[in-house]
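[1] All I have is the shape, not the residue letters:
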Ligand code: MN
């Protein structure tokens, strides 16, 4: 056994000794880096503006809640209305800045919009109570959970994961984050989406089945939440398909509008 460890240690010469010998999940050891670290592949930072500030909100993870407005559950006809909340993720590099153009994505014939309130997490939390959940919130924004609906339905029918339908490039447009000090904790107010000036979605934040504190508390039972996490909180009814040339305007009362332009697919 000792010989094996020595050999393995020699094999792992690229890993600093301290990590190899003392890795401790509770202490949150990471690969040590500093300003003079050289990378063969450099880390990418994905960030959103913060309203009223020149600082950026660096995004760590993007979580999304499925089926959180009753009328949307009814239009999708695929879940029980009393189901507990469930979550999926998008990669942080799926973020799209407000007022961007994105190409109609690859691998779909049914690209759809979903307007959602986005919660930006600003503090660490694990197994957080509903009563303390809002303490984790940095602010709020307006986002689109862009969806390849045909790929999502394929996955559902074949009992496969949702990634291909939900977690693709450019699938997470979001506005600047408004700090809680300015936004408060919105729990009512119109949430709407227009395509080419025609209203497609209309709901009210008060219709969320699982409220923001419940979403945070529930998610924190499954993952340790950290500063930089975003949570897309679900969409009201009226989801539908897009075509190249479409111009989307998403709005939640009290927040800046989210604009997105769909262009021709990439070659
Ligand atoms: Mn959604």
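    Yep, it's here. For clarity, every value in this text was computed on a predicted model and none was experimentally measured.

[2] Any idea how far apart the tips of stretch 224-240 sit?
    This stretch, stretch 224-240, spans 33 Å end to end (Cα to Cα, to the nearest Å).

[3] ok, and for it, which residues are buried?
    225-226, 228-239 (16 or more other Cβ atoms under 10 Å). Just so you know, the C-beta spots here come from the backbone N, C-alpha and C atoms, and that holds for glycine as well.

[4] before we move on, what about stretch 189-208?
    Here stretch 189-208 shows 191, 192, 193, 194, 195, 200, 201, 203, 204, 205, 207, 208 as buried, counting by 16+ other Cβ under 10 Å.

[5] Kindly report the same for stretch 161-173.
    Neighbour counts over stretch 161-173 (16+ other Cβ under 10 Å) mark 162, 164, 165, 166, 167, 168, 169, 170, 171, 172, 173 as buried.

[6] Cross those residues against helices and list the overlap.
    164, 165, 166 (DSSP state H).

[7] Near residue 75, how many other residues are there?
    Using other Cβ atoms under 10 Å, residue 75 has 14 other residues around it.

[8] And residue 180, by the same measure?
    Applying other Cβ under 10 Å, we find 17 residues neighbouring residue 180.

[9] ok, now residue 119?
    Count around residue 119 with other Cβ under 10 Å applied: 30.

[10] Quick check: closest non-adjacent residue to it.
    Closest residue to residue 119 apart from its sequence neighbours, by Cβ to Cβ, 6 or more residues apart in numbering: residue 231 at 4.3 Å.

[11] if you skip the residues just before and after it, what's nearest to the closest residue to the ion within the chain?
    Residue nearest to the ion within the chain (Cβ to the ion): residue 145, separated by 3.4 Å. Leaving aside its sequence neighbours, residue 145 sits nearest to residue 114 (Cβ to Cβ, 6+ apart; 4.1 Å).

[12] do residue 174 as well
    Nearest in space to residue 174, with sequence neighbours left out and distances taken as Cβ to Cβ, 6+ apart, is residue 143 at 4.1 Å.

[13] residues from the stretch 51-200 of the chain in reach of the ion?
    Selection of the stretch 51-200 of the chain residues close to the ion by Cβ under 5 Å from the ion yields 114, 145.

[14] where along the stretch 51-200 of the chain do the helices fall?
    70-76, 130-133, 149-157, 163-166, 180-183 (DSSP state H, counting those that start in this stretch).

[15] Reformat the ones you listed into TSV and put mean pLDDT next to each item.
    Shown next, in TSV, are the helices of the stretch 51-200 of the chain (pLDDT from 0 to 100):
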stretch	mean pLDDT
helix 70-76	81
helix 130-133	98
helix 149-157	95
helix 163-166	96
helix 180-183	97
